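Novice: The sequence isn't on hand, but the structure is:
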Ligand code: URA
């Protein structure tokens, strides 16, 4: 079941039917490769699932895998990932305490000659993929979340946000806090504002890290509840 922009449930195809009952991260990682809930699986190498600590202090949610991620099957290993990990380090964050994933698991792009150019996922595609993110967040019910950019914020919060306006106001989702900030690719696109956007991203990551306690125990992947706080 997907949600319309009015928040009403609609009968539309989403990935729910592909998400295994067990909800263990290794089962999810394997099962996502069979997902055909939206057309984005066509013309990609593979679905890219999240990766990182099994008891994260913070979950970083990006938009979707890029060209390099699609080929390597790992999140944030391309140019935007380079910026992200530089900012993580500048924020004094222990990278081993993070779990990184994306709102959309397949690389949306258009082919231009030999190049594959990134295309922004539509709201329907974000909604269709949401059950995968929801299952991942359920695996870490205590971890705070950093939504990197508008697509991630749309998926995590279930509503449209404007990064420049909303990044300074953390949102409670159940017992955890969601911090909204720039996507690292915004640094790459910002030209003469690049240093400013990078500094804002570092400041937001620093604040999110400081506000997030160490995980008390390794959470059970089968732990119940809708970890994203959404009700769909
Ligand atoms: N951009 C994202 O949002 N996620 C990635 O994994 C890579 C680039």
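Specialist: Received the coordinates, thanks. Computed from a predicted structure; not experimentally measured.
Novice: can you give me how far stretch 16-28 is from the chain middle?
Specialist: 17 Å (CA atoms, centre = their mean, to the nearest Å).
Novice: List of residues touching it?
Specialist: Here stretch 16-28 makes contact (CB atoms under 8 Å, 6 or more residues apart in numbering) with 1, 31-32, 34-37, 49-50, 54, 131-132, 135-136, 138-139, 221-222. Yep, even glycine has a C-beta here, placed from its N, CA and C like the rest.
Novice: Quick check: end-to-end length of stretch 172-179?
Specialist: By CA to CA, to the nearest Å, the extent of stretch 172-179 from end to end equals 9 Å.
Novice: Enumerate the positions of that stretch that are buried.
Specialist: By 16 or more other CB atoms under 10 Å, the buried positions in stretch 172-179 come out as 173, 176, 177, 178, 179.
Novice: quick one: average pLDDT of it?
Specialist: Taken as a whole, stretch 172-179 has a mean pLDDT of 95.
Novice: Report the residue spans of this protein with pLDDT below the cut-off.
Specialist: Scanning the chain for pLDDT under 70 picks out 1-12, 215-232.
Novice: Close to the ligand: what parts of it are there?
Specialist: Applying CB under 6 Å from any ligand atom, we find that the chain lies next to the ligand at 62, 63, 64, 65, 66, 69, 75, 76, 78, 80, 81, 102.
Novice: Out of the residues you listed, which is nearest to residue 146?
Specialist: Residue 146 has its nearest neighbour among the residues of the chain next to the ligand in residue 62, at 9.6 Å by CB to CB.
Novice: The residue of the chain found nearest the ligand: what's it in contact with?
Specialist: Nearest residue of the chain to the ligand, counting by CB to the nearest ligand atom: residue 62, 2.7 Å away. Taking CB under 8 Å, 6+ apart, we find residue 62 in contact with 75-76, 80, 84, 100-103, 148-149, 151-152, 183-184.
Novice: Now go through the residues you listed and say which are in strands.
Specialist: Mapping the contacts of residue 62 onto strands (DSSP state E) picks out 100, 101, 102, 148.
Novice: export those to a markdown table and tack on neighbour count?
Specialist: A markdown table is the format used below for the ones in strands among the contacts of residue 62 (neighbours: other CB atoms under 10 Å):
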| residue | neighbour count |
| --- | --- |
| 100 | 25 |
| 101 | 23 |
| 102 | 30 |
| 148 | 31 |
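Novice: Give me the buried entries from the contacts of stretch 16-28.
Specialist: Neighbour-count burial (16+ other CB under 10 Å) applied to these gives 31-32, 35, 37, 49-50, 131-132, 135-136, 138-139, 221.
Novice: In helices only, show me those.
Specialist: Counted as lying in helices by DSSP state H, out of the buried ones among the contacts of stretch 16-28, are 31, 131, 132, 135, 136, 138.
Novice: just curious, which of the residues you listed is nearest to residue 13?
Specialist: Proximity of these to residue 13 (CB to CB) peaks at residue 131, which lies at 11.0 Å.
Novice: and the residue minimising distance to the centre of the chain, what is it in contact with?
Specialist: Against the mean C-alpha coordinate of the chain, by CA atoms, centre = their mean, the closest residue is residue 61 at 2.5 Å. By CB under 8 Å, 6+ apart, the contact list for residue 61 reads 101, 102, 103, 133, 145, 146, 147, 148, 152, 155, 156.
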